[in-house]
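Visitor: got a structure for you, letters missing:
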């Protein structure tokens, strides 16, 4: 089941630099594990923004929430979720 | 070069039914030609909306505008364009 | 899988009264069939609005879209969809 | 009398961890007491958000305000209240 | 139980003048009956707007919806409802 | 001359508790003096909000500004002012 | 008593040209009468907009509403009203 | 050349009181110098707001920016600029 | 004196095709005359939108308004005007 | 390939003055290098705002993101990106 998710990041300017670096490293590893597992299908940088647009393919709403809630950057993110369905014009729709 | 595009459709209620049906058929064919050509990479229906989220891979801004401007439904669409770049956490980034 | 859906209705003032009456009757029957089937769990009127707040329990995104897209009033509705998950404070969470 | 309430939580990043943990524990207990008492009818997590959508069944406006004002997380919440009424298409409407 | 309600009126420019005059006359009579009955406590014109701010004192949400839904101008109104409670600084609070 | 005023309060989380308590006590006394004097006609709590809706009856714009500017909580408030006039449907309009 | 008023004009495209011309002529005469009478102190065109920013000096809220409500273009206007008071930095404040 | 400018002031609560007092004194002197020089034509307090609406008469855009940028309160202001032109209904238009 | 102007075009779907074609032809000629005259410095299409972003270099506000007000498409446009000044980082600033 | 970019700057009031001065100096040098290189085509100050409107001419989306992401002021900026294409009325369009 597909979802489009946009994540806007706003890390406080006074966050301890070590905490910041550690959080970013964990965020990257966390994302890449889920990409390799097939649930985090795509991640693009929105040009000029500290934001990404991602596509997730998950079993259900609960799993998507679990993934997003546990993002190391979650406390610093504004997230928007759009449930997706197959489009009737999609050539893969047969 | 990648772009995310959302298209919200609002066909006037009093549009002639034949014009409407013809426009929708041309829209579908137009989209599928571009999908087969590789420029219209993905198209998803946004659940509960007369809207889609699409990913385009085009040579430049001019080509993207040409594609969108010539959508048969363009006069009835509200379109938002987000330029995309590779995300540093993308496992395809090497 | 649960979703909250708000539907704001704006029927054009010049819609033919018979078409209007027929559409409303079909909308009611359509909703009640889905309520009896267990997918349309709750429907409440938002006070002072031609709007409802509904809870759906469906198999997946595709099924939710199919239900909403086929609402007889869909062409006259503005719809917002919020995917829901179990809340950790819910006493049913065990 | 039913109300839909959405609560968006934004705990300051510099809140003392002990105060934070204590507040969250009191919030959960407070919510569950009201759930058991029948006034806090439903609570769902909004996917990807530090937010919930809840349904309250209370005697009147004053009681709803008393409940919300005394939420341990109230100082950190943005709350929206929608009064609800029975929908004419509700199969429970007889 | 008190509610603040704002009603913004937008009558279509092409409404038949007789229908318009009749609707406005019925709206005034309807409002004044409810004022005399004590449920429509106050009605003020918002300066420079085709809008009013009103205070209602009704038994419950259902009654407020019944009153608003049956306003002769309801199809042409945008309505916002704010549930009110006694303020702790109100000198009537004792 | 009547005005509707909404006041949304957002006291900084790190305000000294004694300053906070003192400010709230002065705010209440200030409001009640003006209520007794007849200029602050009504004050209601907006349910679920740290906000009030108030009606003022003052000599002119300058007096309203003087009252609002000197609210002890003014530095922490977002205020909206709506000038009111008698509504032609008001049964008090004669 | 001073008020700033912005008026955005949107005349329907299908308004009869004679009605349009007559309405605009009456609007101009109406405005100029009030300017000569001293109540409509200033009127400026907002560059690139079918809008004006005006300053009114009127006895009270009721008079301002009477003036605005009777504008020949009122049915086609979106109006915003801001009550003004003397600024403490105004050199005329003494 | 005329411009309408609104300035909303939000001084941080933790600004040093002496710095605050000094800044406000310099702001007032700065404004009054420009009023006496004829460039800052009008300044009004927006009722209930820490805001003003001002009219400037300056040689060009560059001069207006120079004036606003050097406001002692500029770092704490949100500013909106509206270029003005003579209105055809202005009785001074001849 | 420079201004950035965005123009969003929304031609009514039922506009007579001949009137539409004539208006578009006059719009293009009008724009090109002003480009050749040096006042309409730049015009770009916003990708995927029936909109343009333009830079104007005009004598004053009045001239900019005269240009925009007389655009053949003006009745169908939503226009936003931003006054510009030289940026201190501009290498042309010397 | 052209892009319009608006950058709104909000430097925290408590930023160390030396860090602030250094960041601003690096920002200016960075911008001027890119202006001399031909990628940062234009930069204008928006009058009355700590903002600029810029035109970039870059090879692709990735290059634009690289430029913006590395702005010394990036952590303090809100950025909006609009992809541009040649306008059919542009006299340079031939």
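Guide: Done, it's in. Please read these numbers as outputs of a predicted model, since none were measured by experiment. Numbering: from 1, shown residues only, chains lettered A, B, ... in the order given.
Visitor: C-alpha only now, for contacts and for neighbours.
Guide: Fine.
Visitor: Quick check: buried residues in stretch A:24-34?
Guide: Neighbour-count burial for stretch A:24-34 flags A:27-28, A:30-32 (criterion: 16 or more other Cα atoms under 10 Å in any protein chain shown).
Visitor: Then stretch A:13-22?
Guide: The neighbour-count check on stretch A:13-22 (16+ other Cα under 10 Å) flags residue A:20 as buried.
Visitor: on that earlier part again, restricted to helices, list the buried residues of stretch A:24-34.
Guide: Residues of the buried residues of stretch A:24-34 located in helices (DSSP state H): A:27-28, A:30-32.
Visitor: can you redo the buried residues of stretch A:24-34 as JSON lines with distance to residue A:47 and pLDDT?
Guide: Converted to JSON lines, the buried residues of stretch A:24-34 look like this (distance: Cα to Cα, whole Å; pLDDT from 0 to 100):
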{"residue": "A:27", "distance to residue A:47": "20", "pLDDT": "98"}
{"residue": "A:28", "distance to residue A:47": "19", "pLDDT": "98"}
{"residue": "A:30", "distance to residue A:47": "22", "pLDDT": "98"}
{"residue": "A:31", "distance to residue A:47": "19", "pLDDT": "98"}
{"residue": "A:32", "distance to residue A:47": "21", "pLDDT": "98"}
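Visitor: Dump those to a markdown table, plus distance to residue H:62.
Guide: Converted to a markdown table, the buried residues of stretch A:24-34 look like this (distance: Cα to Cα, whole Å):
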| residue | distance to residue H:62 |
| --- | --- |
| A:27 | 46 |
| A:28 | 46 |
| A:30 | 50 |
| A:31 | 48 |
| A:32 | 50 |
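Visitor: Can you verify my assumption that residue A:91 contacts residue B:35?
Guide: Yes: look at residue A:91 against residue B:35 with Cα atoms under 8 Å: they come within range, at 7.1 Å.
Visitor: Correct me if wrong: residue A:90 contacts residue B:45.
Guide: No: Residue A:90 is beyond contact range of residue B:45, at 9.3 Å (criterion: Cα under 8 Å).
Visitor: Neighbour count: these two, which is higher?
Guide: Using other Cα atoms under 10 Å in any protein chain shown as the criterion, residue A:90 and residue B:45 rank with residue B:45 on top: 24 against 18.
Visitor: In what element of secondary structure is the more buried one found?
Guide: strand B:40-46 (DSSP states H and E).
Visitor: Can you pull the residues of chain A lying near chain D?
Guide: Counting by Cα under 8 Å from any Cα of the partner chain, chain A comes close to chain D at A:61-62, A:64-65, A:68-69, A:79-81.
Visitor: again, 10 Å this time
Guide: A:5, A:7, A:12, A:15, A:61-70, A:74-81 (Cα under 10 Å from any Cα of the partner chain).
Visitor: can you tell me which of those residues are in strands?
Guide: Taking DSSP state E, the ones among the residues of chain A next to chain D that sit in strands are A:5, A:7, A:77-81.
Visitor: Could you turn the buried ones of those into a ChimeraX selection?
Guide: To isolate the buried ones among these in ChimeraX, judged by 16+ other Cα under 10 Å, type:
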select /A:5,7,77,78,79,81
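Visitor: Which pair in the ones in strands among the residues of chain A next to chain D has the greatest spatial separation?
Guide: Longest distance between any two of these is 12.5 Å, between A:77 and A:81; criterion Cα to Cα.
Visitor: shared neighbours, these two?
Guide: A:6-7, D:48-49 (Cα atoms under 10 Å, 6 or more residues apart in numbering or on different chains).
Visitor: ok, these vs chain F, which is closest?
Guide: Nearest to chain F out of those is residue D:49 (Cα to the nearest Cα; 19.9 Å).
Visitor: How about the contacts made by the closest one?
Guide: A:65, A:68-69, A:74, A:77-81, C:84, D:8-9.
Visitor: From residue D:8, how far out is it?
Guide: According to Cα to Cα, to the nearest Å, residue D:49 stands 8 Å off from residue D:8.
Visitor: Now do the contacts for residue A:44.
Guide: By Cα under 10 Å, 6+ apart, the contact set of residue A:44 is A:6, A:51-55, B:2-4, B:83-90.
Visitor: Can I get the buried ones among those as something I can paste into PyMOL?
Guide: Remark: buried members of the contacts of residue A:44, expressed as a PyMOL selection using 16+ other Cα under 10 Å:
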select buried, (chain A and resi 6+51+52+53+54+55) or (chain B and resi 2+3+4+83+84+85+86+87+89+90)
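Visitor: Just the contacts of residue A:44: which are in helices?
Guide: Per DSSP H, the contacts of residue A:44 never map to helices.
Visitor: List the contacts of residue A:41.
Guide: Residue A:41 is in contact with A:2-3, A:34-35, A:54-58, B:90, counting by Cα under 10 Å, 6+ apart.
Visitor: And residue A:93, by the same measure?
Guide: For residue A:93, the contact set (Cα under 10 Å, 6+ apart) comprises A:86-87.
Visitor: And it, how close does it get to residue B:44?
Guide: 11 Å.
Visitor: For the closest residue to chain I within chain A, which non-adjacent residue is spatially closest?
Guide: Relative to chain I, the nearest point of chain A is residue A:47 (14.9 Å; Cα to the nearest Cα). Nearest residue to residue A:47, sequence neighbours excluded (Cα to Cα, 6 or more residues apart in numbering or on different chains): residue J:65, at 4.9 Å.
Visitor: For the one you found, the count of nearby residues, please.
Guide: Here the count is done by other Cα under 10 Å, and residue J:65 has 21 residues near it.
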